[in-house]
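Undergrad: What follows is a predicted structure for the sequence shown.
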Amino acid sequence: MTFIMEKQKVDIIYGTFRALASENSTAKTLSGHSFRDILSDDINDADTFGSLAPSKFYEIDTRPDSESEQKLNEYEENFIPLEQKTQGQFLLEIRDLLNAGKLKEALIVFEKQMPVDKQKPDKYIYNEMMSSCAKAGYFEKVFEIFRKMRDRGIGASDCTYTILFNACANSPFKEEALSKALYLKMKLKEDNVRLNLVNYHSIIKAFGRLGEINIAFQIVDEMIKAKVYPTTETFNFLLQAAISDKKEGFKLVLVTWHKMLKMKVTPSVYSYNLLLRAVRECSVGSQESLKEVISLINSRSEWEPTPVLRNLLSKGKKKTSRFDKKMNSTQVALMTHSPVPLRELLPPVPPYQLLKFIRDGNPEPLSLNFSSQSVAAESPKRRLLGYLAKAVDLPNLVARNPNLKGVINIEEVGKRQDRLALCGGLVGILQDMNLYDAKPNLKTCTELMLSLPDNSAEEELLIEMMKLLDIEIDVDFCNMLIKKRAMSKRHKDADKVIELINELNLRMNNVTFGVLAFTCISKEKTKEFMKIMKLGGFRLNQVIAGSLINNATFKNDCNFLTYVLDECSRQKLKPDTYILKKLEDFRHKILNIYKLRDQDKTVPGYFLSEDFNKSFRKFSTYYRNWLRSQDVVIPEHPWGKFKYTEEEAKLVVSE
């Protein structure tokens, strides 16, 4: 009832405004003549007075003049019925949708519903939409919204610049994003825009992820010239940029790390996680450039100019012959008088004895601070860590004062465990983190686990140290451990991780079965795996099926492969492009072997056996029939889930 009365009031006011506008126009029309002048002709005419003859009427223009019409139009444009939303209400609605992860629905409200309700976005709504699109990697939409914002004369703020560079950093299409980032950087320089620390960070992140490492380091030079001094977060973005170079990124990470320390910037736990990621993913490059890195680490300057860093990436790219690769060691060799393998530098106590040493102690958590009074001097755990600190005398290139004692030369560093040894190994990293009060977290331990040698005893040693440091192990850590052991062909050790999951009362998930699929190298084990998965309430998915098919094709086991395809059909699983490519590659591989056999060329005897020929014929027949009945799942475009149809837009607007 209240709503109806309010609406009637609005209609009365609206009608009154029209009447007043009309009267005002009529009054202006009559203002130039008196009423006597208008009727003077009829008054003086004796023939028309008192007769029935038609009178001579004067036309009075009752239409509103241009000024009144303009005011009326403005009122109609700005008039908002009570059932329509205001700009502030739209901002709150869009924020609620974005917080719920409904970007497509937010775009419909922004692009369709706001124009219907005659509302134009302000800079806050524009930035809100651009920021969410940038996080989702919807690069194209960000710049489309920015153009609309600029066309309406709304200027870009500091926040807007950050959003635009974040959109470039998260774009799945690197070439187009790089051209936009370069153009933005040029425009900022031309317009003399004064950037803040957050702006600089977004620029470093964008160029680092787009592979332009030199530009990322140039930005730091510009920051220092503009008296915007780097922080821990700045160096974290530089570390991310260095990691983008998988071939030689580890060298740049070492240089960046020491420049951070020399500028008295304290590394955080996130910095150490990035360092360990570089250990796992990035190679060192040539021996000559690694020597130059060590000389740069020992230099006293706080920040090396960009050309020096650029030379690091371009120097020493020397090709190695296949013979040289066989002759060179793939481990670190610290040369005193002759090369010494890394394994000989490890503690004389085997890892299983260290494990026993830990397990005999008390179960209370232990701080990494060796000078802490909370742990008794004779505690077995304290003595263990103290022993490890003395026993593992490996080089440490990430310490504030690098331990290069006795290092004359370094041979090829080809494996992740060798790069970890250059950083002081497991204990060296933990000691260094303790120095800067950076408490290791689960991510730190996961990266350490992935960089350890393929040795179950050392992995279990890390798990025991995690318990000492009171770091809670979750199912994702266990999944990564299963995958690591499975990929290194330690299938029995991978199966033992299930015992750890049960011991910690964790619940297996889809990823657990996805990585366990790597251990299924036969038809019989796969059948058992399928039963366990069904008992756990899980179904076959494309990732698991892809892993099983990969194992079957690697083993050249046609019966195994046919069984997996039959399970996919039974569970109505549609194949994706990865599965089809694996199947086609396997079929062409066998057909090419048969061609070589027919040409009397040497082929492995396994492919000549009657059992294999029979199983391959059976697989080929089944595969052709299976392929005809399948609908292939084509990968969706990265932005496909954010685009909407007109029907979807009408449904949202009608609500």
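TA: Arrived safely.

Undergrad: Burial check on the closest residue to G424 other than its chain neighbours, number of neighbours?
TA: Spatial nearest neighbour of G424, excluding adjacent residues (CB to CB, 6 or more residues apart in numbering): N396 at 3.5 Å. For glycine as for every other residue, the C-beta is placed from the backbone atoms N, C-alpha and C. Counted with other CB atoms under 10 Å, the neighbours of N396 add up to 23.

Undergrad: can you pull the contacts of N396?
TA: By CB atoms under 8 Å, 6 or more residues apart in numbering, the contact set of N396 is 402-403, 422-424, 428, 432.

Undergrad: For it, list each beta-bridge partner.
TA: In this entry, N396 is beta-bridged to N403, C423, by DSSP bridges.

Undergrad: Would you mind measuring from it to V427?
TA: 10 Å (CB to CB, to the nearest Å).

Undergrad: and what of T234?
TA: According to CB to CB, T234 stands 29 Å off from V427.

Undergrad: what's the answer for E464, then?
TA: Remark: distance between E464 and V427 (CB to CB) = 13 Å.

Undergrad: what's next to the strand or helix carrying N236, contact-wise?
TA: Per DSSP states H and E, N236 falls inside helix 232-243. Applying CB under 8 Å, 6+ apart, the contact partners of helix 232-243 are 197, 200-201, 204-205, 207-209, 213, 216-217, 220, 223, 249, 252-253, 256-257, 259-260, 265-268, 270-271, 274-275, 277-278, 281-282.

Undergrad: Kindly recompute the last result at 6 Å.
TA: Helix 232-243 is contacted from outside by 201, 204-205, 208, 213, 216, 249, 252-253, 256, 260, 265, 268, 270-271, 274, 278, using CB atoms under 6 Å, 6 or more residues apart in numbering.

Undergrad: same question for the helix or strand just after it, mean pLDDT?
TA: Next along the chain after helix 232-243, taking DSSP H and E as the criterion, comes helix 249-262. Averaging pLDDT along helix 249-262 gives 89.

Undergrad: returning to what we had before: list the buried residues of the helix holding N236.
TA: Buried residues in helix 232-243, counted by 16 or more other CB atoms under 10 Å: 233-243.

Undergrad: That helix to helix 249-262, inter-axis angle?
TA: Orientation of helix 232-243 against helix 249-262 (axes from the mean of the first three to the mean of the last three CA atoms, to 10 degrees) gives an angle of 160 degrees.

Undergrad: Tabulate the CA atom coordinates of helix 232-243 in CSV.
TA: The C-alpha trace of helix 232-243 is given here as CSV (Å, rounded to 0.1, in the frame of the first residue of the first chain):
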residue,chain,number,x,y,z
THR,A,232,60.7,-7.7,-0.5
GLU,A,233,57.7,-7.9,-2.8
THR,A,234,59.6,-6.1,-5.6
PHE,A,235,62.3,-8.8,-5.5
ASN,A,236,59.7,-11.5,-5.4
PHE,A,237,58.3,-10.3,-8.7
LEU,A,238,61.9,-10.2,-10.1
LEU,A,239,62.4,-13.8,-8.9
GLN,A,240,59.2,-14.7,-10.8
ALA,A,241,60.6,-13.0,-13.9
ALA,A,242,63.8,-14.9,-13.6
ILE,A,243,62.0,-18.2,-13.2
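
Undergrad: What residues of stretch 537-551 count as buried?
TA: Applying 16+ other CB under 10 Å to stretch 537-551 flags 538, 540, 542-551 as buried.

Undergrad: Then stretch 436-444?
TA: Across stretch 436-444, burial judged by 16+ other CB under 10 Å covers 438, 440, 443-444.

Undergrad: Spit out the contact partners of M223.
TA: If you count contacts by CB under 6 Å, 6+ apart, M223 has them with Y200.

Undergrad: any idea which element it lies in?
TA: helix 213-225.

Undergrad: Now do that helix, average pLDDT.
TA: 91.

Undergrad: Point out where the stretch 351-500 of the chain drops to low pLDDT.
TA: 351-394, 403-413 (pLDDT under 70).

Undergrad: next one: the chain
TA: Scanning the chain for pLDDT under 70 picks out 1-83, 296, 298-394, 403-413, 632-642, 644-655.

Undergrad: Check which residues of stretch 85-95 are buried.
TA: 85, 90-91, 93-94.

Undergrad: Apart from its neighbours in sequence, what residue is nearest V269?
TA: A438 (4.4 Å).

Undergrad: And for L426?
TA: Leaving aside its chain neighbours, L426 sits nearest to L448 (6.0 Å; criterion: CB to CB, 6+ apart).

Undergrad: Okay, the one you found and G514: tell me how far apart.
TA: Counting by CB to CB, the gap from L448 to G514 is 23 Å.

Undergrad: again, but for R280
TA: 20 Å.

Undergrad: what's the burial count for the nearest residue to R507 once chain neighbours are set aside?
TA: Distance criterion CB to CB, 6+ apart; nearest residue to R507, sequence neighbours excluded, is V475 at 6.6 Å. Other residues near V475 come to 15 when the count uses other CB under 10 Å.

Undergrad: Can you tell me the element I463 falls in?
TA: Secondary-structure element containing I463, defined by DSSP H and E: helix 456-468.

Undergrad: if we can go back for a sec, please name every helix or strand in contact with whatever helix or strand the residue nearest to L426 lives in.
TA: Per DSSP H and E: L448 is located in helix 442-451. Contacts defined by 3 or more CB pairs under 6 Å, 6 or more residues apart in numbering; DSSP states H and E place helix 442-451 against helix 269-281.

Undergrad: change it to 10 Å
TA: Judged by 3 or more CB pairs under 10 Å, 6 or more residues apart in numbering; DSSP states H and E, helix 442-451 is in contact with helix 269-281, helix 416-422, helix 425-435, helix 456-468, helix 475-487.

Undergrad: Buried residues in the first one, which are they?
TA: The neighbour-count check on helix 269-281 (16+ other CB under 10 Å) flags 269-281 as buried.

Undergrad: Show the subsequent helix or strand relative to it.
TA: Going down the chain from helix 269-281, the next helix or strand is helix 287-297, by DSSP H and E.

Undergrad: tell me what that next one is packed against?
TA: When contacts are defined as 3+ CB pairs under 10 Å, 6+ apart, helix 287-297 packs onto helix 249-262, helix 306-314.

Undergrad: Could I get the buried residue list for the helix holding I463?
TA: For helix 456-468, the neighbour count (16+ other CB under 10 Å) marks 456, 458-466, 468 as buried.

Undergrad: Out of the residues you listed, flag the one nearest to K415.
TA: Nearest to K415 out of the buried residues of helix 456-468 is E458 (CB to CB; 13.9 Å).

Undergrad: hang on, isn't that closest one packed against K484?
TA: No: here E458 does not reach K484: they are 11.6 Å apart, not a contact under CB atoms under 10 Å.

Undergrad: Which residues are in contact with each of the two?
TA: Residues touching both E458 and K484 by CB atoms under 10 Å, 6 or more residues apart in numbering: 449, 452.

Undergrad: Restricting to C-alpha, output the helix holding I463 in PDB.
TA: Extracted C-alpha coordinates of helix 456-468, given in PDB (Å, rounded to 0.1, in the frame of the first residue of the first chain):
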ATOM      1  CA  SER A 456      62.700 -42.700  -0.100                       C
ATOM      2  CA  ALA A 457      64.900 -42.400   3.000                       C
ATOM      3  CA  GLU A 458      65.600 -38.700   2.400                       C
ATOM      4  CA  GLU A 459      62.000 -38.000   1.600                       C
ATOM      5  CA  GLU A 460      61.000 -39.700   4.900                       C
ATOM      6  CA  LEU A 461      63.600 -37.600   6.700                       C
ATOM      7  CA  LEU A 462      61.900 -34.500   5.400                       C
ATOM      8  CA  ILE A 463      58.500 -35.700   6.600                       C
ATOM      9  CA  GLU A 464      59.900 -36.300  10.100                       C
ATOM     10  CA  MET A 465      61.500 -32.800  10.100                       C
ATOM     11  CA  MET A 466      58.100 -31.400   9.100                       C
ATOM     12  CA  LYS A 467      56.600 -33.100  12.200                       C
ATOM     13  CA  LEU A 468      59.400 -31.600  14.300                       C
END
